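> need coordinates for the below:
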Amino acid sequence: MSEDKNIKIAKLIGLEKKTREAKTEDELNFVIVNETRQLVDYISSFLLLKSSTNNFSVKATSDLATVDRTSPLISYLEKIINHKDHRDTKDIQTIDIEKTSKSLKIKKPKNIPGFILQVPLFSAQQGFQGFLILSKNQTFNENEIDLLTHLANTFGHAQNTFKSGSSVNQFFKKNLGSKLFWSTLILFIIISIVPIKMSSTAPVDVVPSNPKLVTAPFDGVVKNITINNNDKVSAGDLVVLLEDLDLNNEYNLAQQSLQIAEKELLRSRQSSFSDTNEKARIAELAAQVDLKKAELNSVTKRLKNSKIYSTQNGIAIVDRKSEWQGRPVSVGEKIITIANQNEIEFLIWLPVKDSLVIQKNSLVKVFLDINPMKSLEGKLLRASYQPSLSPEGILSYKLTASYEGDANKLPRIGLRGTAKVYGSEVSVFYYLFRKPITFMRQLIGI
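All right, here's what the predicted structure looks like:
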């Protein structure tokens, strides 16, 4: 008898040693559900620990490397243990399978043994850890229950080693009283109230500030654009030809009509000396001559305007030249732009979602794609009150900024990049959390 007792004590010491030497939580769980059989006889065992949903779920089973979540037995045990009559128990107790199944209206699995023992696991540091469930076909005797009471504390303490520091309450208890925590909090508050200029980034284009638009002088068809994009243009250079075939025909017809009217007027004047009726027609024919002259002058002007010349020096901005040939245009419709490369400004499309409070002469920094390491400074000239669609199809405010850099290092018209627009001063806290605050306000409607 004494020899059996010494053997059990040796096995108990060996089991506690394996429990302490477990390097991972999975290894510890394996020892608990399998090695306990050396001291307590059972058919199967299950280890249930708290999950993220605060319910108990099976983490390990005896004789199996992994837990089969589809097993009816696993599902049955989790439903029983998570019931209010069993989840808060602090003492080892035997669960009456038949009675519990009927009260919970749960179908009992066929392969479950007749007796189930529920062993709560505790640790001195974090308290309740979970349950060890043991099952067999006979009742557990008092010696086995005493051994399990001792092992419950051992297993609970071992589980605590893998969960230390994971509790939110422990984290606050550990850190709220430290000087480092309060120093960091005070430093964060001080930094949060430091004023900083609000800013937003937006796409930007380099555009001419005072461009000269070449428009259609009358309804017609574009015959040819004689210049290419970025060509240098001088005042008086021919830039656009409109189709003049119909105008030439009208001009010839107007000339012939005028000649006929003048001959008719001359004949009537010559005949008026002898014929009083012809003398009466002279005024009418003279008016006809004046009308034909006006028609000829109108056609002559339109024929002259079919050739459009530049009125200033600069560079040509032609949008898809090949598509203009043969295209009908209305009077006043823009065909090309003549821009002075020494007069530029920045066109900024500020998205509505990134809008901020800005004022005239606000600072603007431009980073062009050709040289993103160097910024160009500017000042805000004007901003649209209503948003419109940008070339990228984004609802944006249209801003215009001047160039305040070296006049000898003007960026080329047509370059693109990113502009940083500075607004009013705000705190660092608002600067960092403006978008989350906006999102939450729109989400909850406050």
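> helix or strand right after the helix or strand of the chain with the lowest mean pLDDT?
In the chain, the helix or strand scored least confidently by mean pLDDT, DSSP states H and E is helix 168-175, which has a mean of 57. Downstream of helix 168-175, the first helix or strand assigned by DSSP states H and E is helix 179-192.
> can you give me the mean pLDDT across that next one?
For helix 179-192, mean pLDDT rounds to 81.
> who are the packing partners of that helix?
Counting contacts by 3 or more Cβ pairs under 8 Å, 6 or more residues apart in numbering; DSSP states H and E, helix 179-192 packs against helix 428-444. (Glycine included, C-beta is placed from N, CA and C.)
> what does the helix it packs on rub up against?
191, 192, 193, 194, 195, 196, 198, 426 (Cβ atoms under 8 Å, 6 or more residues apart in numbering).
> and the fourth one, how many residues sit next to it?
For residue 194, the tally of surrounding residues (other Cβ atoms under 10 Å) stands at 10.
> from residue 27, how far off is the spatially closest residue to it that is not a sequence neighbour?
Of all residues not flanking residue 194 in the chain, residue 428 sits nearest, at 5.1 Å (Cβ to Cβ, 6 or more residues apart in numbering). To residue 27, residue 428 is 48 Å away according to Cβ to Cβ, to the nearest Å.
> next: residue 16.
15 Å.
> neighbour count for those two, which is higher?
residue 16 (16 against 13).
> apart from its chain neighbours, what residue comes closest to the more buried one?
residue 154 (5.4 Å).
> model confidence score at the one you found, please.
Taking residue 154 on its own, its pLDDT is 81.
> again, but for residue 310
The per-residue pLDDT reported for residue 310 equals 87.
> need the contact list for it.
Here residue 310 is in contact with 212, 214, 233, 234, 235, 236, 237, 239, 338 (Cβ under 8 Å, 6+ apart).
> contacting residues around the third one?
To tie it back to what came earlier, the one meant is residue 233. 227, 239, 310, 313, 314, 315, 316, 338.
> what lies in contact with the strand or helix carrying the last one?
Think residue 338. Using DSSP H and E, residue 338 falls within strand 334-339. Defining contact as Cβ under 8 Å, 6+ apart, one finds that strand 334-339 is touched by 208, 211-216, 222, 225, 227, 233, 239-240, 308, 310-312, 314-319, 324, 329, 413.
> out of those, which are buried?
208, 211-212, 214, 216, 222, 225, 227, 233, 239-240, 308, 310, 314-318, 324, 329, 413 (16 or more other Cβ atoms under 10 Å).
> and for residue 407, the neighbour number?
Neighbour count of residue 407, defined by other Cβ under 10 Å: 7.
> ok, now how distant is it from residue 211?
Separation of residue 407 from residue 211 (Cβ to Cβ) stands at 19 Å.
> also residue 92?
Distance from residue 92 to residue 211, by Cβ to Cβ: 90 Å.
> where does pLDDT dip in the chain?
Within the chain, the segments meeting pLDDT under 70 span 1-4, 52, 124-127, 163-178, 272-276, 278, 445-446.
> ok, residue 359 to residue 418 distance?
21 Å.
> quick one: the contacts of residue 233 as a markdown table, columns for distance to residue 141 too.
Converted to a markdown table, the contacts of residue 233 look like this (distance: Cβ to Cβ, whole Å):
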| residue | distance to residue 141 |
| --- | --- |
| 227 | 107 |
| 239 | 109 |
| 310 | 111 |
| 313 | 110 |
| 314 | 106 |
| 315 | 102 |
| 316 | 104 |
| 338 | 106 |
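> how about the helices in the stretch 51-200 of the chain?
Remark: helices assigned in the stretch 51-200 of the chain by DSSP state H, counting those that start in this stretch are 72-81, 97-104, 142-161, 168-175, 179-192.
> try the stretch 251-400 of the chain
Taking DSSP H, counting those that start in this stretch as the criterion, the stretch 251-400 of the chain contains helices spanning 276-305.
> convert the C-alpha atoms of stretch 193-209 to PDB, please.
What follows is stretch 193-209, C-alpha atoms only, in PDB (Å, rounded to 0.1, in the frame of the first residue of the first chain):
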ATOM      1  CA  ILE A 193      -2.600  71.600 -28.300                       C
ATOM      2  CA  VAL A 194       0.400  73.100 -30.300                       C
ATOM      3  CA  PRO A 195      -1.000  75.100 -33.200                       C
ATOM      4  CA  ILE A 196      -0.200  74.100 -36.700                       C
ATOM      5  CA  LYS A 197      -1.300  75.200 -40.100                       C
ATOM      6  CA  MET A 198      -3.900  73.000 -41.700                       C
ATOM      7  CA  SER A 199      -3.000  71.800 -45.200                       C
ATOM      8  CA  SER A 200      -4.300  69.600 -48.000                       C
ATOM      9  CA  THR A 201      -2.700  68.200 -51.100                       C
ATOM     10  CA  ALA A 202      -4.300  68.400 -54.600                       C
ATOM     11  CA  PRO A 203      -3.400  68.000 -58.300                       C
ATOM     12  CA  VAL A 204      -2.000  71.100 -60.000                       C
ATOM     13  CA  ASP A 205      -1.300  72.200 -63.600                       C
ATOM     14  CA  VAL A 206       0.900  75.000 -64.800                       C
ATOM     15  CA  VAL A 207      -1.300  77.200 -67.000                       C
ATOM     16  CA  PRO A 208      -1.000  80.600 -68.700                       C
ATOM     17  CA  SER A 209      -2.300  83.500 -66.600                       C
END
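> how does the protein divide into domains?
2-165, 212-336, 340-444 (automatic domain parsing).
> tell me which of the contacts of residue 233 is nearest to residue 365?
For these, the closest approach to residue 365 (Cβ to Cβ) belongs to residue 315, at 26.0 Å.
> from residue 134, how far out is that closest one?
Taking Cβ to Cβ, one finds residue 315 at 90 Å from residue 134.
> got it, and residue 341?
As for residue 341, its distance to residue 134 is 89 Å (criterion: Cβ to Cβ).
> so the two - more neighbours on which side?
Shown here are residue 341 and residue 134; by other Cβ under 10 Å, residue 134 has more neighbours (26 against 15).
> hey, what's that one bridged with?
Beta-bridge partners for residue 134, by DSSP bridges, are residue 45, residue 117.
> list the contacts of it.
Each residue near residue 134 by Cβ under 8 Å, 6+ apart is listed here: 36, 40, 42, 44, 45, 116, 117, 119, 140, 148.
> can you say which of the domains of the chain is nearest to residue 204?
For the domains of the chain, distance to residue 204 was read as Cβ to Cβ. The smallest value, 3.8 Å, belongs to domain 340-444.
> and the closest one, how far out from the chain middle?
Its chain's average C-alpha position is 18 Å from that of domain 340-444, according to Cα atoms, centre = their mean, to the nearest Å.
> can you check stretch 237-247 too?
Stretch 237-247 sits 50 Å away from the centroid of its parent chain (Cα atoms, centre = their mean).
> so which bits of that stretch are buried?
237, 239, 240, 242, 244, 247.
> from those, which is closest to residue 389?
Proximity of those to residue 389 (Cβ to Cβ) peaks at residue 240, which lies at 29.1 Å.
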